[in-house]
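In: got a predicted structure plus its sequence, pasted below:
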Amino acid sequence: MFSNKFAAIFTALVAAAVSVAAAPTNIVDPPITSPKAGDVWTVGSTQLITWDTSNIVDPTDVTGEILLGTLVDGQEDLDTGEERLTHVLTVSPLAIGFPIRSGAVNVTVPAVAAGDDYIVVLFGDSNNISPTFTITN
């Protein structure tokens, strides 16, 4: 009798696990709309980073993080298609804990070296990389 109850409970748990594993997942993957290729930011200025929220259905409570990074030879640049490598500055996020559904967040440009190969990376439960832009001192 105990083994029959155990078998029934075990079977129900396995069936539930399989149905959860097979359930479709909604990935929040909004494309960044600003900064755009060729934009110029100045160290210390406040800049608005924006992304398209029109395709976000669920979950509604995903929070985001924005990191600054650079592209160097090795990985594909979204602007040019040329191979470049991404270096993301994970130690000091530009913004953290904001709702992805907001579609925008203001950030202060940190004191970094001037360059024309900067990107921002938007993390929610996926990530998107902006086109390259310039930061000046």
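Out: On my side now, so go ahead.
In: okay, CA-based contacts and neighbour counts for the rest of this
Out: Will do.
In: now the strands for the chain?
Out: Applying DSSP state E to the chain gives strands spanning 32-34, 40-42, 46-51, 63-76, 83-89, 95-99, 104-108, 115-123, 127-129, 133-136.
In: buried ones in the third one?
Out: Buried residues in strand 46-51, counted by 16 or more other CA atoms under 10 Å: 49-51.
In: nearest to residue 113 among those?
Out: Proximity of the buried residues of strand 46-51 to residue 113 (CA to CA) peaks at residue 49, which lies at 19.9 Å.
In: contacting residues around that closest one?
Out: Residue 49 sits next to 32-35, 104-107 when contact means CA atoms under 8 Å, 6 or more residues apart in numbering.
In: ok, residue 136 - how many residues close by?
Out: With neighbours defined by other CA atoms under 10 Å, the count for residue 136 comes to 15.
In: wouldn't it be in contact with residue 42 here?
Out: Yes: with contact defined as CA atoms under 8 Å, residue 136 reaches residue 42; the gap is 4.8 Å.
In: pLDDT below threshold where in this structure?
Out: Scanning the chain for pLDDT under 70 picks out the ranges 1-28, 58-60, 73-86, 125-127.
In: mind doing that once more with 80?
Out: Residue ranges of the chain with pLDDT under 80: 1-29, 56-61, 72-86, 124-127.
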